[in-house]
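[1] Compute the structure for the input listed below.
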Amino acid sequence: MSVLDIVLYTLVGVLVIVIVVCLAIANYAGSNLVAVFEQYEKYSADFFDTLTLAKKISQGEFGGNIKVGYTDGFLSDYYYNRTIYLSSRVASASNISAFAVCAHELGHAIQYRDEPQKMLKFGKRIRLSNVLSKFTLPLFVIGIVCIFINILLAIAILTFSVVMFLIGLVTKLSTIKIEKEASENGIKLLQKYANFDETQVRYAKKVLSSAKLTYIASFLKSMLKWTMLVNKYDFY
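    Predicted structure coming up:
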């Protein structure tokens, strides 16, 4: 066996290990979030409910301009246009998990209030990335086919698809940072408006940390999209 063969087999082995590890993390993240949410859903938040919390924070931080809406699904909560949309297990609930999720979404409202330009640019990158992601794989396949027709055209198409793929990965990475900041804002809101003690804060952080892992998993799934071994999920 030549040195080149050893290097090649080593690289393939490393690639396989990386793919397996990334898939394991990606597949674990969703089930872990559900388990952690349900675990701390059993602990009372010692407060009325999430709607009362949201109204209190809206009044205290935004002059009452943040509204509350409702969304279907499980852990499908989100913030959009001065409104937090809460899922059925979060809206009107009074437990650590529900409060953590509610505060996280209000943490996004803090971001839009304090850094509007940054968040507007982030929203544009997300929309662009969503559009590009629909064409990345088809263009890559077309590029491969074009190798047998016109090599220069094939290189151009493949290069463009790789660039779009990289743009999507960079956007996913920035999403992790944005979500981390929202969770940090949320913890501060819980301490200020829900009077969470040290133990309750620790439990809330565990819920939000498990949610953060799903964003990392989303990045890993995007990175491995070309393998066709991952599927999309929408958690939190």
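
[2] Every contact and neighbour count from this point should use C-alpha atoms.
    Noted.

[3] Would you mind pulling up the elements that the top helix by length along the chain packs against?
    For the chain, the longest helix by residue count, based on DSSP state H, is helix 151-193. For helix 151-193, the packing partners by 3 or more C-alpha pairs under 8 Å, 6 or more residues apart in numbering; DSSP states H and E come out as helix 50-62, helix 96-114, helix 116-146, helix 198-223.

[4] what about 6 Å?
    helix 96-114, helix 116-146 (3 or more C-alpha pairs under 6 Å, 6 or more residues apart in numbering; DSSP states H and E).

[5] winner for burial among those?
    Of all those, helix 96-114 carries the top mean neighbour count, a mean of 25, counting by mean count of other C-alpha atoms under 10 Å.

[6] export that helix as PDB, just CAs?
    Below are the C-alpha coordinates for helix 96-114, written out as PDB (Å, rounded to 0.1, in the frame of the first residue of the first chain):
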ATOM      1  CA  ILE A  96     -40.100  26.800  34.400                       C
ATOM      2  CA  SER A  97     -40.000  25.500  30.800                       C
ATOM      3  CA  ALA A  98     -42.800  27.700  29.600                       C
ATOM      4  CA  PHE A  99     -41.400  30.800  31.200                       C
ATOM      5  CA  ALA A 100     -37.900  30.100  29.700                       C
ATOM      6  CA  VAL A 101     -39.400  29.900  26.200                       C
ATOM      7  CA  CYS A 102     -41.600  32.900  26.700                       C
ATOM      8  CA  ALA A 103     -38.700  35.000  28.000                       C
ATOM      9  CA  HIS A 104     -36.400  33.800  25.100                       C
ATOM     10  CA  GLU A 105     -38.900  35.200  22.600                       C
ATOM     11  CA  LEU A 106     -39.100  38.400  24.500                       C
ATOM     12  CA  GLY A 107     -35.300  38.400  24.500                       C
ATOM     13  CA  HIS A 108     -35.600  38.700  20.700                       C
ATOM     14  CA  ALA A 109     -37.800  41.800  21.200                       C
ATOM     15  CA  ILE A 110     -35.000  43.300  23.300                       C
ATOM     16  CA  GLN A 111     -32.600  42.700  20.400                       C
ATOM     17  CA  TYR A 112     -34.900  44.400  17.900                       C
ATOM     18  CA  ARG A 113     -35.300  47.300  20.300                       C
ATOM     19  CA  ASP A 114     -31.600  47.700  21.200                       C
END
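
[7] so for that helix, what's the average pLDDT?
    Averaged across helix 96-114, the pLDDT comes to 96.

[8] Between helix 116-146 and that helix, find me the angle.
    For helix 96-114 against helix 116-146, the angle by axes from the mean of the first three to the mean of the last three C-alpha atoms, to 10 degrees is 100 degrees.

[9] got the angle between helix 96-114 and helix 50-62?
    20 degrees.

[10] low-confidence ranges in this structure?
    1, 4-5, 225-236 (pLDDT under 70).

[11] neighbours of the residue nearest to L190 when sequence neighbours are not counted, just the number please.
    In space, and not counting its chain neighbours, L190 is closest to F196: 5.9 Å by C-alpha to C-alpha, 6 or more residues apart in numbering. Residues lying near F196 (other C-alpha atoms under 10 Å) number 20.

[12] Would you double-check that F196 falls in a helix?
    No: using DSSP: H, G, I helix; E, B strand; the rest coil, the secondary structure at F196 is coil, not a helix.
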